[in-house]
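*Asks:* sequence and computational prediction follow.
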Amino acid sequence: MRPLLPLLTFALACGAATTPAETTPDPVAADPSLPWSRAEAPPLAIETDVIALVGAEVRDGAGHTFAPGVVIFDDGRLVAVGAQDDVAIPEGATTIDASAKVITPGIIDTHSHMGVYPQPRARAHSDGNEATSPTTPEVYAGDSFWPQDPALTRALQAGVTTIQVLPGSANLIGGRGATLKMHLGRTLREMRFWGAPDTLKMACGENPKRVYGRRNSSPSTRMGNVAGYRAAYQAAREYGQSLADWQHNHRLWQIKRATFERETEAREERRENGEALGDRPDDPGPAPTPPTRDLAKETLWSVIEGNTLVQMHCYRADEMANMLDVAREFGFSIRSFHHAVEAYKIRDLLHAENVSVSTWTDWWGFKLEAYDAIEENIALLHEEGVRVALHSDSPNLIQRLNQEAAKAMAAGRRAGIAISEHDALSWITRQPAWVLGIDELTGTLEAGKMADVVVWSGSPFSVYTHVEQVYVDGLLRFDHRDGVARGGATDFELGQNETESF
Amino acid sequence: MMRPLTLVCALVLCAGPFVSGIRAQTPVVVITNAHVLPGEGAAIENATLVIRDGRIASLSGAAPEGATVIDAAGKIVTPGFISTETALGLVEIDLEDSTRNAGPEDDDADPVRAAFSAADGVNPASTLIRVARRYGVTSAITVPTGGLISGRGALIDLAGRTPDSMVAARDVSLHVNLDDGGVSATGGAFPMALTRFREVLADARLYGQNERAFERRGLRELNVSGPDLAALQPALAGNVPVVVRVSRAADILRVLALKESERVNIVLSGAEEGWRVAEEIAAADVPVIVHPLENLPSTFTRIGARFDNARLLAEAGARIILTAPGAHDVRNLRQEAGNAIANGLSREAVLRAITVEPARVFGQADRGAIAVGQVANVVVWDGDPFELTSAPTDLIIGGRVVTLRNRQTRLLERYRRLESVRRGPPRAAPAPTNEAAGTAE
């Protein structure tokens, strides 16, 4: 969580452009600090033995297969990944025989509502849509997240190591997403993916206009939707400008203040030396006060600054194209269109704009904007060079994203599109990592990255395969032999259905 | 075209040998070199399926002159899958009420709709029907939803120009919801839903015994409409199964008791906690329709949901039907089935649970299997039918080869090459909003 960062970045950019820094001999004072800076991420302090998974077919998610291969990790980080013949196993390592298994990076789901719409469905659990206003960028999905959602254990058991928990799509701008590691714990803080950039959920189409139109308030149409985004981003731009103005004025004030102090001191010296005093230096007065903080606008300003990644729910091709225009108009980028079942129709535009797609393999028809979905969407996008992530949006589907990748791969191949198993694996590992801005940290099995590792009983693209082990940051979080995630069922499930009295 | 036979059969709820939609002179289709998984019984190697007049005529011998020949060498042949409890043909877009014919949309509608017949709503032109065929589904028990007594289901084949040619059997089932939906439709408490259901059955029984008295208003006041009372008679006579949607173990036992007390044939649907009372279900000889991929405690009535529910029920001796829920996702029945295998059921049991078992439970003796005399709903697969990378290469419904194309494949064909898609005049490209065009490599 770094709302301060964009402003600092902006201040630095201003510093390079303003003239006083160049015309005065004094070094410019430090950037005016904002009153609302937050603590930085706590460093991860994982201490484990060196663990070596030996003998499996290792698919690194970056296009390589090592068979037999070795995956070695230590203190949460991958140390070495490669062919068994090429990689020496360090002395003292805990060696685990993984022969006949397949190892891949952990699965990353870019679209989950686990914890904000948890199991069981209950009114008291409905925490995913702050549907009291169509524009709520100030809310954060993490603040709704319930770490005892029983769906979490099942997703972990299916090989998922990282999720983005998003607000729902009732609102045009629904709030910030929470990128989490599957360290099932007691608190949000224990699960947070520290170092992941902020993300923002936005939504096109039927949902916002249905939710608010039903109340006879805006938006009730798609044009109302777009008017809503524009109003919000215009206000954010003005807010950003007022921040920039303040920072500029504060910088000038600092320079004047320094000059005043220096000249006052010099005047004192002249007084002591009995010299002519000259004019009194100008007192710049008190420092300019910063504008009133507005967390909603600040979040959108951070989007314009490029520090918060937009995750945009949008089904129809024409609406996605319109959103690209809105983004261009206000100078921000859309990181990923979610659901995007018609993305194949405008795959050239998406490629040109470097916008990724997060979608399903075959969900369709549940609403009119999902009517033109085709099974080859992912393969067509991939062929065009668009980054694609296979997302779930479902606590059920998240348990078989590997199977969904297999289906998308097969559909593409039947359509004559060359899709390798490496490509299909990337849709649930490396590409979603890019969508979330964490591709430098995880998503592939490469030395230095987080040890997010899944051991499968066989090919992840077979319906008969199951997950044997899941490591998150090098910690064994699920072992098939236990039958359930380490630590057992969630608190909610504990003691349920106990009907024996003796 | 009106076919009197269809109407007669529909009226008497025929379960005998009967195929709708098959014209007298369909071409003979022969599948050679077939490795057949027949749905019941052992696999058949190197079979020659001869399909004539809509039925499987023989499993060996030579291909007759002039027949359409499908060489299945290296492939696998299965019966067409039957999707049980779908809204196929009744719903086009879930969220658009105007496209839905699965039941009244009004919240205030009478929760008792026994007369509602899915057969009257089936749209043969629904785009969902061809999409469902894509992975081997050839038939469906399509059913109404909502209320306490949702109405009656129909067996449809997924090919046909008219409702008559598509509806193989009308009113093969009566659907009752004693899960959250039916409970909330009758006041919000399970005992109220159960009481109302019993009351409806009692009224229908009285009506059945005194139909003439009813007509001259000589009965006590009945709290059910005349058409509903009439529609309930086949279920009361035991000729049509009563499919009861229920989840919680305790409620399942209450529903099992209805088989005895109300003398109706019960089929459990959902039964997410069925594994907890598997012995009782098996002892009652009540079949169970299971959604294999439901393992979430998604409501308080199914806290015990688990992936191996179907396996545990089968091991206890219960009859199992596997299904994929909804209407749009019916094509994923084979994925559901594959996962049931992964969770411990045998391949034979799983294939039976999506072919022969639903046919038998819904009174169709001549469907579901690949055997001489059975209706020829047949799928030729390019690999293991349950693997996600396999697909049918040929599909035969009612003895005729049907296309694997659908609205989605037509969209694919249109958009396979973007250059040929209709668009506005070329213009200079706008500057990209993102810094650089990326690639997925």
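*Replies:* Cool, got the structure. Numbers count the residues shown, from 1 in each chain, chains lettered A, B, ... in the order given.
*Asks:* most centrally placed residue in the chain?
*Replies:* The chain I'm using is chain A. residue A:436 (3.4 Å; C-alpha atoms, centre = their mean).
*Asks:* wait, chain B
*Replies:* residue B:84 (2.3 Å).
*Asks:* tell me what it is bridged to.
*Replies:* Counting by DSSP bridges, residue B:84 is bridged to residue B:141.
*Asks:* any figure for the gap between it and chain A?
*Replies:* 19 Å (C-beta to the nearest C-beta, to the nearest Å). (Each C-beta comes from the backbone N, C-alpha and C, glycine too.)
*Asks:* which phi and psi does residue A:354 have?
*Replies:* With angles defined as degrees, to the nearest 10, residue A:354 sits at phi 60, psi 40.
*Asks:* from chain B, how far out is it?
*Replies:* Taken as C-beta to the nearest C-beta, the span from residue A:354 to chain B is 4 Å.
*Asks:* and the helix or strand hosting residue A:263, is it in reach of chain B?
*Replies:* Assigned by DSSP states H and E, residue A:263 falls within helix A:222-272. No. Against chain B, helix A:222-272 shows no contacts by C-beta under 8 Å from any C-beta of the partner chain, the least distance being 12.8 Å.
*Asks:* after that helix, which helix or strand is next?
*Replies:* Helix A:222-272 is succeeded, C-terminally, by helix A:295-304 (DSSP H and E).
*Asks:* buried residues, that following helix. List them.
*Replies:* A:296-304 (16 or more other C-beta atoms under 10 Å in any protein chain shown).
*Asks:* contact partners of it?
*Replies:* By C-beta atoms under 8 Å, 6 or more residues apart in numbering or on different chains, the residues outside helix A:295-304 that reach it are A:3, A:5-7, A:135-138, A:173, A:176, A:198, A:200, A:232-233, A:235-237, A:239-240, A:243, A:308, A:310, A:330-332.
*Asks:* how about residue B:304, what does it touch?
*Replies:* With C-beta under 8 Å, 6+ apart, residue B:304 has these contacts: A:496-497, B:249, B:272-273, B:275-276, B:297.
*Asks:* now do 7 Å
*Replies:* Residue B:304 sits next to A:497, B:249, B:272-273, B:276 when contact means C-beta atoms under 7 Å, 6 or more residues apart in numbering or on different chains.
*Asks:* ok, and the most crowded of these?
*Replies:* Most neighbours among the contacts of residue B:304, by other C-beta atoms under 10 Å in any protein chain shown: residue B:272, with 27 neighbours.
*Asks:* is it true that that one touches residue B:247?
*Replies:* Yes. Between residue B:272 and residue B:247 there is a contact under C-beta atoms under 7 Å: 4.7 Å.
*Asks:* please enumerate the shared neighbours of these two.
*Replies:* Joint contacts of residue B:272 and residue B:247 (C-beta under 7 Å, 6+ apart) are residue B:302.
*Asks:* show me what whichever strand or helix holds residue A:311 is in contact with.
*Replies:* Secondary structure assignment for residue A:311, by DSSP H and E: strand A:308-314. By C-beta under 7 Å, 6+ apart, the residues outside strand A:308-314 that reach it are A:166, A:169, A:177, A:197-205, A:299, A:302-303, A:320, A:323, A:332-340, A:437.
*Asks:* what do you get for stretch A:72-92?
*Replies:* Outside stretch A:72-92, the residues that reach it (C-beta under 7 Å, 6+ apart) are A:44, A:46-48, A:50-52, A:54-55, A:58, A:60, A:66, A:68-71, A:93, A:95, A:445-451, A:473-474.
*Asks:* then stretch B:42-53?
*Replies:* Here stretch B:42-53 has contacts from B:22, B:26, B:28-38, B:56-61, B:63, B:77, B:376, B:378, B:396, B:399, using C-beta under 7 Å, 6+ apart.
*Asks:* at 8 Å what do you get?
*Replies:* B:22, B:24, B:26, B:28-38, B:56-64, B:67, B:77, B:370, B:376, B:378, B:396, B:399.
*Asks:* for that stretch, buried residues please.
*Replies:* So stretch B:42-53, judged by 16+ other C-beta under 10 Å, has buried residues B:44, B:47-52.
*Asks:* for the chain, which spans come out with low pLDDT?
*Replies:* You didn't pick a chain, so chain A it is. A:1-41, A:501 (pLDDT under 70).
*Asks:* could you do chain B instead?
*Replies:* In chain B, residues with pLDDT under 70: B:1-25, B:430-441.
*Asks:* which residues in chain A form helices?
*Replies:* Secondary structure of chain A (DSSP state H): helices at A:4-17, A:20-23, A:150-157, A:188-191, A:206-213, A:222-272, A:295-304, A:317-330, A:347-353, A:377-384, A:401-414, A:421-426, A:430-435.
*Asks:* CSV for those helices, including distance to residue B:257?
*Replies:* Formatted as CSV, the helices of chain A follow (distance: least, C-beta to C-beta, whole Å):
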stretch, distance to residue B:257
helix A:4-17, 65
helix A:20-23, 86
helix A:150-157, 30
helix A:188-191, 46
helix A:206-213, 43
helix A:222-272, 53
helix A:295-304, 57
helix A:317-330, 53
helix A:347-353, 58
helix A:377-384, 49
helix A:401-414, 39
helix A:421-426, 50
helix A:430-435, 50
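*Asks:* out of the ones you listed, which gets nearest to residue B:177?
*Replies:* Across the helices of chain A, residue B:177 has its closest neighbour in helix A:150-157 (24.5 Å, C-beta to C-beta).
*Asks:* may I have the closest one as PDB, with CA atoms only?
*Replies:* Extracted as PDB, the C-alpha positions of helix A:150-157 are listed here (Å, rounded to 0.1, in the frame of the first residue of the first chain):
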ATOM      1  CA  PRO A 150     -13.600 -22.200   3.600                       C
ATOM      2  CA  ALA A 151     -13.100 -21.600  -0.100                       C
ATOM      3  CA  LEU A 152      -9.500 -20.600   0.600                       C
ATOM      4  CA  THR A 153      -8.400 -24.000   1.800                       C
ATOM      5  CA  ARG A 154      -9.800 -25.600  -1.400                       C
ATOM      6  CA  ALA A 155      -8.100 -23.100  -3.700                       C
ATOM      7  CA  LEU A 156      -4.800 -23.700  -2.000                       C
ATOM      8  CA  GLN A 157      -5.300 -27.500  -2.300                       C
END
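*Asks:* what's it in contact with?
*Replies:* Residues contacting helix A:150-157 (C-beta under 8 Å, 6+ apart): A:109, A:112, A:114-115, A:118-120, A:163, A:182, A:184, A:395, A:398-399, A:467, A:470, A:472, A:477-478, A:484-485, A:489-490, A:492-493, B:295-297.
*Asks:* returning to that earlier point: list buried residues within the contacts of helix A:295-304.
*Replies:* A:3, A:5-7, A:135-138, A:173, A:176, A:198, A:200, A:232-233, A:235-237, A:239-240, A:243, A:308, A:310, A:330, A:332.
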